[in-house]
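1. Generate a structure from the sequence data that follows.
(chains A, B, C and D)
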Number of protein chains: 2
Amino acid sequence: MTTVASKTYSIKELADEFGVTPRTLRHYEDQGLLLPERQGQNRIYSGADHARLAWILRGKRVGFSLQEVGEMLDLYDVGDGRETQRAVTIERCRDRIDALEAQRDDINATIDELQEFCELLANLKKNRKTGTWVRRDTGEPLGVYAPRKTA
Amino acid sequence: MTTVASKTYSIKELADEFGVTPRTLRHYEDQGLLLPERQGQNRIYSGADHARLAWILRGKRVGFSLQEVGEMLDLYDVGDGRETQRAVTIERCRDRIDALEAQRDDINATIDELQEFCELLANLKKNRKTGTWVRRDTGEPLGVYAPRKTA
DNA sequence: TAGGTAGTTGACGTTAACGTTAACGTCAAG
DNA sequence: CTTGACGTTAACGTTAACGTCAACTACCTA
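-> Prediction:
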């Protein structure tokens, strides 16, 4: 039986691959989100760390704080495996899913509104007489939100 | 022709309705996101302000900074209406949409993963012999990400 | 006339998520 | 043997998005 030396990374390798700085990885470690092994002083990241980092960054992209990401990662820690603990984990997991679905709805709504506005803009033309902008189809004037007085 | 006195709000009314503090609304004003009228010293928010605030808060929920929200709101300002300006606006609008769609993909991926894990958890049972947790269906042991050493 | 409630403008405090700088160790290349 | 790229820790700096005073005004109301 040979030991499979699975891929490992230096701090810069991992940072570069994900487009972040080493400082960021150390920060995530301070926050308890990563815990790479050490070779003397040096951090040495495993494939699991690689996966965790992907999770963390995606969590950030969808708007979670590092703390929240940590809590989500903790969900995967069923270490002790007590029944009650497992039930709680399941519940919190479902809560997270609900929150994410709500957020997705927000995103969809925003997309829709931007899209609508985008089409309206593309459809716009200038009225020869008044010099104002009107819709090419209906001739309606433009008016979505009150423009900000650019004081 | 009668003037339609459309609905207006005091700072506290508007804040309460959206579950934020008056301070927050003043802050948004400082950042140029809102510009309510005044009755003497007092701010008086219009229906348009109400709509803008809804936009702002949804933008925040989907992870935009106030500055980004401001830029998006600016898109609706086609005041001068120059052709080039309009084209730029359309393009930036589309960029935003693309970014939002990418974010939605992230969210979906996260939801899927959580859901899968949630089901796995619900499906889990303890192995009588080893005392460890295994899947009720396949008998596979649990192992998603390396658990964090709770130092 | 003294409260109480709502508003105002500063201005300083706080938290999160890093950036930045300092001061130092390590190892391979020229 | 020194330069350069990489690593380390420790600690202070920065930005965003408000929170939290303080000090003041205005208007009811008991």
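2. near chain B, anything from the longest helix seen in chain A?
-> As assigned by DSSP state H, the longest helix anywhere in chain A is helix A:83-122. Yes: using CB under 8 Å from any CB of the partner chain, helix A:83-122 reaches chain B at A:86, A:89-90, A:93-94, A:96-97, A:100-101, A:103-104, A:106-111, A:114-115, A:117-118, A:121-122. C-beta here means a position set from N, CA and C on the backbone, and glycine is covered the same way.
3. Put the buried members of the residues you listed into a PyMOL selection.
-> Here is the PyMOL command that selects the buried residues among these (16 or more other CB atoms under 10 Å in any protein chain shown):
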select buried, chain A and resi 86+89+90+93+96+97+100+103+104+106+107+110+111+114+117+118+121
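4. Helix or strand, whichever it is, which one in chain A has the lowest mean pLDDT?
-> The weakest-scoring helix or strand in chain A, judged by mean pLDDT, DSSP states H and E, is strand A:133-135 (a mean of 70).
5. Can you spell out the domain ranges of chain A, please?
-> Domain segmentation of chain A under automatic domain parsing yields A:1-65, A:78-125.
6. Please name whichever of those is nearest to DNA strand C.
-> For the domains of chain A, the distance to DNA strand C is smallest for domain A:1-65, at 3.2 Å, taking CB to the nearest atom of the strand.
7. residues near A:Gln67, how many?
-> 11 (other CB atoms under 10 Å in any protein chain shown).
8. How much space separates it from B:Leu121?
-> Remark: distance between A:Gln67 and B:Leu121 (CB to CB, to the nearest Å) = 22 Å.
9. go on, A:Gln41?
-> Here A:Gln41 is placed at a distance of 38 Å from B:Leu121 (CB to CB).
10. what residue is smack in the middle of chain A?
-> Geometric centre of chain A, nearest residue: A:Arg61, 1.8 Å, by CA atoms, centre = their mean.
11. quick one, what contacts the nearest residue to it once chain neighbours are set aside?
-> The shortest distance from A:Arg61 to any non-neighbouring residue, by CB to CB, 6 or more residues apart in numbering or on different chains, is to B:Asp106 (5.1 Å). Contact partners of B:Asp106, counting by CB atoms under 8 Å, 6 or more residues apart in numbering or on different chains, are A:58, A:61-62.
12. got JSON lines for those residues, with pLDDT and secondary structure too?
-> Shown next, in JSON lines, are the contacts of B:Asp106 (pLDDT from 0 to 100; DSSP: H, G, I helix; E, B strand; the rest coil):
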{"residue": "A:Arg58", "pLDDT": "94", "secondary structure": "helix"}
{"residue": "A:Arg61", "pLDDT": "91", "secondary structure": "helix"}
{"residue": "A:Val62", "pLDDT": "89", "secondary structure": "coil"}
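13. and those as TSV, adding distance to A:Ser46?
-> TSV is the format used below for the contacts of B:Asp106 (distance: CB to CB, whole Å):
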residue	distance to A:Ser46
A:Arg58	19
A:Arg61	23
A:Val62	25
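14. So which bits of chain A are right by DNA strand C?
-> By the criterion of CB under 7 Å from any atom of the strand, the positions of chain A lying close to DNA strand C are A:20-21, A:23-24, A:27-28, A:31, A:60, A:65-67.
15. From A:Gln85, how far out is A:Phe18?
-> 31 Å.
16. re the thing from before, so which of the contacts of B:Asp106 comes closest to B:Leu53?
-> For those, the residue nearest B:Leu53 by CB to CB is A:Val62; the value is 23.3 Å.
17. Please report how far that closest one lies from A:Phe18.
-> According to CB to CB, A:Val62 and A:Phe18 sit 16 Å apart.
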